[in-house]
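K.L.:
Dropping a prediction and its sequence here:
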Amino acid sequence: MNKILLVVFSLFIPLALAEKNKNTLFQNSKEKQKAAHKIQQKGEENATTGTPPKRHISLGTAKQEKEPEKEVQLIMNDPLMKKKWDLQKTNVKDAWLKFSKGSKDIIVAIIDTGTDINHPDLKANIWVNKKEIPGNGLDDDKNGYIDDINGWNFVKNNNNIKDTHGHGTHIAGIIGAEGGNGIGISGVAPKVSLMTLKYYDINDNGKNNLNNTIKAIHYAIQNGAHIINYSGGGLNGNEREKQAIQEAERKGILFVAASGNEKSNMDKSGYYPAKYELSNILPVTATDHSDKVLRSSNWGQKTVHKSAPGYNILSTLPGGKYGRMTGTSQATAVATGAAVLVMDYYKNKTAHFVIKQLKMTGDIKQSLVGKTSQRRRLNIFKALQARGKNLNFMDETVVDPSGKIFESDRDISSFVQGGPLSLKDLSEIKMVNEVLQRKPTEVINSSKKETVKNKENLGRNPSSKNQKKQSILKRWFFNKN
């Protein structure tokens, strides 16, 4: 009998212990759930909550949805952003919020005067040739260029891409100055990779500008550029240059070209490469605050497809400085930045798609009737919002409600007080009597003027009349503290 009781008792003890452990575990689970609930009420985002995975994912999504707003606010807090009227006019803030801020996977080749790659507002977005080992004196990637880490200088045929002029650095900043770093400005595309291809030097006679341009185009194609930004040009076309751009066309590379500062109707006169009839070229003219084509800019109802802000645009200058320039070069850079955002958002890097998005969208302006093929000023938000398949081309001849047909060579009578200096293929650096600082507050001072005689021409084929004419280029730089 005692043995039977012992056996029963020995069986009962594990069951009782198991039940006790079960109750303890259940109680601990309840306490953990209560604790987790308290943690959630306190809003400790990184705490281990023990809540169901579904709820955790939901909280994460809500957090992610707030990130773009925070990032854009950081960009807008850069101290000089209030002076970027070109960004305000093209509604880029809403484009950043809802669609894209760009991507470093998108490479923009800037064929210009070089770039200050150490500028605090540019260095984070400078393209790096990862296939090349810096400083070893070898052509590691076998592309024909030794130590081409950030691009190439086609004037001196070396890797020194320093900007001794200022124009190229200004263009680089408009396209892709880093956003949200607490200094200066942001470019249209706060995230991008900027490849520097120097075809012009202020100390060079300019005889090789055309050959340098052609070499630079081939380099951009060979080294993975998605967009080529080109501010230069000339009154005559060249078959070799056209063939180089055709090669880019076959690769789907977008070529954004300035329409030039000749004060002429491109439908009747020539300005190349903007006027080549190739499907990958986007010719751009410049407008002012009132959406009127600048008095110095070329236009064309059939040959110019886009207008963008190009008057008194604030951007980066060599030596960590900032300044303003005016011209179709600046408008072209704004359009290039917009192209970066379109490519990133739609994940479509083909020239034809991007041109359609930019060309067929924007703000329709009466002041652009007869001046561009679609009479639209760039609106970056609309370019990203629209769906390509629903975009239709407008008729090239536009008639106003009164029945009057606007001719493409009609006069432009109004302009922002006085207008800019007339420089061939080179934007003017406007005089401004203020010092822009990194701090959010601004100190207004007068500064010393530096007057420079400018005999150079970024164009490839300057006329004899232009060679005799000397323009005075007045520079007024913004020093940073």
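P.N.:
Yep, it's here. Quick caveat: nothing in here was measured; it's all calculated off a predicted structure.

K.L.:
which secondary structure elements does the longest strand seen in the chain contact?
P.N.:
Longest strand in the chain by number of residues (criterion: DSSP state E): strand 102-112. Counting contacts by 3 or more C-beta pairs under 8 Å, 6 or more residues apart in numbering; DSSP states H and E, strand 102-112 packs against helix 167-176, strand 191-198, helix 209-222, strand 227-230, helix 328-346. (Each C-beta comes from the backbone N, C-alpha and C, glycine too.)

K.L.:
can you put these in a markdown table and add distance to residue 148 and mean pLDDT?
P.N.:
Below are the helices and strands packed on strand 102-112 laid out as a markdown table (distance: least, C-beta to C-beta, whole Å; pLDDT from 0 to 100):
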| stretch | distance to residue 148 | mean pLDDT |
| --- | --- | --- |
| helix 167-176 | 16 | 98 |
| strand 191-198 | 10 | 99 |
| helix 209-222 | 8 | 97 |
| strand 227-230 | 16 | 98 |
| helix 328-346 | 22 | 97 |
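
K.L.:
gap between the two ends of stretch 173-188?
P.N.:
9 Å (C-alpha to C-alpha, to the nearest Å).

K.L.:
Next, the buried residues of that stretch.
P.N.:
Under the neighbour-count criterion of 16 or more other C-beta atoms under 10 Å, stretch 173-188 has 173-181, 183-188 buried.

K.L.:
of those residues, closest to residue 90?
P.N.:
Relative to residue 90, the closest of the buried residues of stretch 173-188 is residue 188; by C-beta to C-beta it sits at 7.5 Å.

K.L.:
dump the residue contacts of that closest one.
P.N.:
87, 90, 92, 174-176, 333-334, 336-338, 340-341, 380 (C-beta atoms under 8 Å, 6 or more residues apart in numbering).

K.L.:
and if we set it to 10 Å?
P.N.:
84, 86-87, 90, 92, 95-96, 101-102, 174-177, 179, 308, 333-341, 378, 380 (C-beta atoms under 10 Å, 6 or more residues apart in numbering).

K.L.:
Now do the SS call for it.
P.N.:
Applying DSSP: H, G, I helix; E, B strand; the rest coil to residue 188 yields a three-state assignment of coil.

K.L.:
Next, work out how far apart it and residue 344 are.
P.N.:
The gap separating residue 188 from residue 344 is 12 Å, by C-beta to C-beta, to the nearest Å.

K.L.:
re earlier: for the longest strand of the chain, what does the pLDDT average out to?
P.N.:
Mean pLDDT, computed over strand 102-112, is 98.

K.L.:
residues of it that come out buried?
P.N.:
Buried, per 16+ other C-beta under 10 Å, within strand 102-112: 102-104, 106-112.

K.L.:
Output those residues as CSV; include the columns distance to residue 150.
P.N.:
As requested, these are arranged in CSV below (distance: C-beta to C-beta, whole Å):
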residue, distance to residue 150
102, 18
103, 18
104, 14
106, 16
107, 12
108, 13
109, 11
110, 11
111, 14
112, 14
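
K.L.:
Quick check: residue 292 touching residue 372?
P.N.:
No: Residue 292 sits out of contact with residue 372 when judged by C-beta atoms under 10 Å, with a separation of 12.0 Å.

K.L.:
more crowded one of the two?
P.N.:
residue 372 (28 against 23; other C-beta atoms under 10 Å).

K.L.:
secondary structure class for that one?
P.N.:
Residue 372 ends up coil, using three-state DSSP.

K.L.:
any chance of the helices and strands packed on strand 102-112 in CSV, plus distance to residue 301?
P.N.:
Below are those laid out as CSV (distance: least, C-beta to C-beta, whole Å):
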stretch, distance to residue 301
helix 167-176, 26
strand 191-198, 32
helix 209-222, 27
strand 227-230, 22
helix 328-346, 16
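
K.L.:
Tell me how far the nearest residue to residue 386 once chain neighbours are set aside lies from residue 383.
P.N.:
Residue nearest to residue 386 in three dimensions, not counting chain neighbours: residue 361, with 4.8 Å by C-beta to C-beta, 6 or more residues apart in numbering. Relative to residue 383, residue 361 is positioned 5 Å away (C-beta to C-beta).

K.L.:
show me where pLDDT drops low in the stretch 51-200 of the chain?
P.N.:
51-66 (pLDDT under 70).

K.L.:
swap the cut-off to 50 and go again
P.N.:
Along the stretch 51-200 of the chain, segments meeting pLDDT under 50 span 51-65.

K.L.:
So which residues of it form helices?
P.N.:
53-76, 85-89, 92-98, 167-176 (DSSP state H, counting those that start in this stretch).

K.L.:
Look at residue 143 and say how many residues are nearby.
P.N.:
15.

K.L.:
Tell me if residue 301 really is in a strand.
P.N.:
No: per three-state DSSP, residue 301 lies outside any strand segment and is coil.

K.L.:
quick one, phi/psi of it?
P.N.:
Residue 301 has phi and psi values of phi -60, psi -30 when expressed as degrees, to the nearest 10.

K.L.:
isn't it right up against residue 293?
P.N.:
No: in this structure, residue 301 is not within contact of residue 293 by C-beta under 10 Å, at 11.4 Å.

K.L.:
between those two, who's got more neighbours?
P.N.:
With neighbours defined as other C-beta under 10 Å, residue 301 and residue 293 compare such that residue 293 has more, 27 against 24.

K.L.:
Now do the same for that one: its pLDDT.
P.N.:
For residue 293, pLDDT reads 94.

K.L.:
So it sits against residue 306, correct?
P.N.:
No: judged on C-beta under 10 Å, residue 293 makes no contact with residue 306 at a distance of 11.6 Å.

K.L.:
what sits in contact with each of these two?
P.N.:
Counting by C-beta under 10 Å, 6+ apart, the contacts common to residue 293 and residue 306 are 259, 285, 331, 368, 372, 377.

K.L.:
The closest residue to residue 202 other than its chain neighbours: neighbouring residues, count only.
P.N.:
Spatial nearest neighbour of residue 202, excluding adjacent residues (C-beta to C-beta, 6+ apart): residue 165 at 4.5 Å. Residues near residue 165, counting by other C-beta under 10 Å, number 22.

K.L.:
what's the spacing between residue 165 and residue 90?
P.N.:
Distance from residue 165 to residue 90, by C-beta to C-beta: 26 Å.

K.L.:
still on that earlier bit, adjacent strands (with direction) for the longest strand of the chain?
P.N.:
Paired neighbours of strand 102-112 in the sheet (DSSP bridges): strand 191-198 (parallel), strand 227-230 (parallel).
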